[in-house]
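Asker: Below is the sequence, then the predicted model.
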Amino acid sequence: MKIRYLIGICFLLCAAVAQAQDSGVAARATEILKDPSADSAVVGRLQEAAAVKVHARQGGWMRIESANGNGWVRLLAIRTTIGSAPSTQARGGFLSFLSRPSTGGGQTVTTGVRGLDKEQIQNARPNTAELQKMAGFAASKPEAERFGASAGLSRQQIGYLKPPAASAGQ
Amino acid sequence: MRIRAIAAAATLAIAALPAHAQFRLDLNRAIDTAKNIGKATTQMTEAQEIDLGKQWAATLLGAAPLMAHPELQSYVNALGRWISLHSERPDLPWQFGVLESDNINAFATPGGFILVTKGLVARMKSEAELAGVLGHEITHVIQKHHLKAIQKGAGLQAGANILSEFTAKGRNQAVADRLVGGIKELMLRGLDKDDEFESDRMGVVLAARAGYDPYGLPAVLQMLNAMSASDSELALMFSTHPEPSARLDTLERVMGSQLDRFPGRPGSRQFEKLVLGK
């Protein structure tokens, strides 16, 4: 029984790795660059709606493979294709607690989706015990500052982006 | 007439909170607010906003409890609180949580209570992605998008009908139930689409201000775009938000190359440890 369970996990992991590559299309014509940087050399061009395979993301860039060349394009110039994502990501960290039964809510695990679909919100009764539990995990401002510092993060001065201009004729 | 309905709805939101000690509000204050609210419909006090948000969050937690993973809950609080410090409302009592739900969604409530589902976190690849989603939710709070929705009468208007009874008899369970009903209706209806786009636009900046790669949120939207809209895990989010492709189109227009100067840093190692299992 346990062996079968382990085999199942291995199968899920292998499947996730095999499907980890997304496919996508170019949302508009765009340049394929040698490196993930706007001033990098152009190695090809994608026509609008050209198909690509996405191998990696780095910041605002995706490393792609296409009939017109391989390299980096802007992440927002690509739209991943519907249906190309794996339905579940079976991974070490979450695999262990994805299978862990929930506490306190009293839900069964017979359905695939627990909580937060329309009916479950409609039937929900406020749970103040969980609310108190949530408060118990809160971080203070000094704790948050320490988190940022220990993670090597520092405050950047950046203004908010302007809303898009009203696009006539679109 | 419209103003009166707005006032009634907002007052109900303020006043019809349950009898738990931490939610208790002064009835006279609530009635005073009702009288004044026609003049200034947006002037719910911060304390009232927080009380409403607590009731809202308790309702969500009634649909799905917190994940039984204290280390993850503490981590999400440290990360979320860090991002909130870069917002215009750093002093709210911000709280964050991961819900025990395979559904893919994230929620904010008034006053700074933010919940993401296990199903969404499980599909993320980096701390920057989580930072982007939290930045989006934090924006809903700082821009008071829920209060705008209440003022439009969405959801809570039905409860206004029993306001007079409430003020005569004081707090009662029926009124509290009607408030929760209104909150649920708003949750299922979702916020204004323009407010979702605004949260995307400001959320990427909040993540970047906190030192992260601003493209975490767009990467999550790309992931959602690759999922089938008919997937039951996504049904509620897709029915309450613009399509991921529309959100990506809008972000492309507003971001351009403006944030290229802020590549960001990977952040803590905790995401890899707790979520990716590395």
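Answerer: Structure received.

Asker: Pairing partners for residue A:32 in the sheet, please.
Answerer: As for beta bridges, residue A:32 partners with residue A:44 under DSSP bridges.

Asker: Residue A:64 is in contact with that one, correct?
Answerer: Yes: with contacts defined as Cβ atoms under 8 Å, residue A:32 counts as touching residue A:64 at a distance of 7.1 Å. The C-beta positions use only the backbone N, C-alpha and C, and glycine is treated the same way.

Asker: Overlap of the contact sets of those two?
Answerer: A:70-73 (Cβ atoms under 8 Å, 6 or more residues apart in numbering or on different chains).

Asker: List only buried entries from these.
Answerer: Applying 16 or more other Cβ atoms under 10 Å in any protein chain shown to the shared contacts of residue A:32 and residue A:64, the neighbour count classes A:70-73 as buried.

Asker: Looking at those residues, spot the one nearest residue B:261.
Answerer: residue A:72 (17.5 Å; Cβ to Cβ).

Asker: Hmm, residue A:35 and that closest one touching each other?
Answerer: Yes: taking contacts as Cβ under 8 Å, residue A:72 lies within contact range of residue A:35: 6.2 Å.

Asker: In a helix, residue A:79, correct?
Answerer: No: Residue A:79: not assigned to a helix; according to DSSP: H, G, I helix; E, B strand; the rest coil it is strand.

Asker: Tell me the pLDDT of residue A:92.
Answerer: At residue A:92, the predicted lDDT confidence score is 49.

Asker: I should have written residue B:7 there, sorry.
Answerer: At residue B:7, pLDDT is 47.

Asker: and what of residue B:242?
Answerer: At residue B:242, pLDDT is 91.

Asker: okay, now the residue lying closest to it once chain neighbours are set aside: neighbour count?
Answerer: Distance criterion Cβ to Cβ, 6 or more residues apart in numbering or on different chains; nearest residue to residue B:242, sequence neighbours excluded, is residue B:193 at 5.1 Å. Neighbourhood size, residue B:193 [other Cβ atoms under 10 Å in any protein chain shown]: 13.

Asker: And residue A:49, by the same measure?
Answerer: 11.

Asker: And for residue B:261?
Answerer: 9.

Asker: Can you name the helix or strand that it falls in?
Answerer: Under DSSP states H and E, no helix or strand contains residue B:261.

Asker: that older thread, quick check: which of the shared contacts of residue A:32 and residue A:64 are also close to chain B?
Answerer: Near chain B, taking Cβ under 8 Å from any Cβ of the partner chain as the test, no member of those is found.

Asker: Out of these, list just those in strands.
Answerer: A:70-73 (DSSP state E).

Asker: which residue packs closest to residue A:33, ignoring adjacent ones?
Answerer: Nearest to residue A:33 is residue A:40, by Cβ to Cβ, 6+ apart, at 4.2 Å.

Asker: Same question for residue A:69.
Answerer: Residue A:69 sits nearest to residue A:44 (Cβ to Cβ, 6+ apart), 2.5 Å away.

Asker: what about that neighbour, distance to chain B?
Answerer: Distance, residue A:44 to chain B, by Cβ to the nearest Cβ, to the nearest Å: 20 Å.

Asker: so where's chain A uncertain?
Answerer: Where chain A drops to pLDDT under 70, the residues are A:1-21, A:83-115, A:166-170.

Asker: biggest strand in it, by residue count?
Answerer: Chain A, longest strand under DSSP E: strand A:51-58.

Asker: circling back to that earlier point, can you put the buried ones among the shared contacts of residue A:32 and residue A:64 in a markdown table and add distance to residue B:264?
Answerer: Formatted as a markdown table, those follow (distance: Cβ to Cβ, whole Å):
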| residue | distance to residue B:264 |
| --- | --- |
| A:70 | 25 |
| A:71 | 22 |
| A:72 | 17 |
| A:73 | 19 |
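
Asker: close to chain B, is stretch A:151-170?
Answerer: Yes: using Cβ under 8 Å from any Cβ, stretch A:151-170 reaches chain B at A:151-164.

Asker: of all those residues, which two lie farthest apart?
Answerer: Taking Cβ to Cβ, no two of the residues of stretch A:151-170 next to chain B sit farther apart than A:152 and A:164, at 33.3 Å.

Asker: out of those two, which sits in the more crowded spot?
Answerer: residue A:164 (14 against 11).

Asker: Please identify the residue of the stretch 101-250 of chain B positioned nearest to chain A.
Answerer: residue B:211 (3.2 Å; Cβ to the nearest Cβ).

Asker: Which residues are in contact with that residue?
Answerer: Residues in contact with residue B:211 (Cβ under 8 Å, 6+ apart) are A:148, A:151-156, B:264-265, B:267.

Asker: Pull the number of nearby residues for residue B:151.
Answerer: That count, for residue B:151 with other Cβ under 10 Å as the rule, works out to 22.

Asker: go on, residue B:183?
Answerer: Neighbours around residue B:183, by other Cβ under 10 Å: 27.

Asker: State the helix or strand in which it lies.
Answerer: Element membership for residue B:183 (DSSP H and E) is helix B:173-189.

Asker: Any figure for the gap between residue B:175 and residue B:182?
Answerer: Distance from residue B:175 to residue B:182, counting by Cβ to Cβ, to the nearest Å: 11 Å.

Asker: hang on, the earlier thing: the residue nearest to residue B:242 contacts residue B:239, doesn't it?
Answerer: No: look at residue B:193 against residue B:239 with Cβ under 8 Å: they stay out of range, at 12.0 Å.

Asker: picking up where we left off before, can you check what angle separates whichever helix or strand comes after the longest strand of chain A from strand A:51-58?
Answerer: Next in sequence after strand A:51-58, counting helices and strands by DSSP H and E, comes strand A:61-66. Relative orientation of strand A:61-66 and strand A:51-58, computed by axes from the mean of the first three to the mean of the last three Cα atoms, to 10 degrees: 150 degrees.

Asker: Quick check: the gap between residue B:176 and residue A:55.
Answerer: Distance, residue B:176 to residue A:55, by Cβ to Cβ: 53 Å.

Asker: Show me which of these two is the more surrounded one.
Answerer: Using other Cβ under 10 Å as the criterion, residue B:176 and residue A:55 rank with residue B:176 on top: 22 against 13.

Asker: Helices along the stretch 51-200 of chain B, start to end?
Answerer: Under the criterion DSSP state H, counting those that start in this stretch, the stretch 51-200 of chain B carries helices at the ranges B:70-84, B:118-121, B:127-142, B:145-151, B:157-160, B:163-169, B:173-189, B:193-209.
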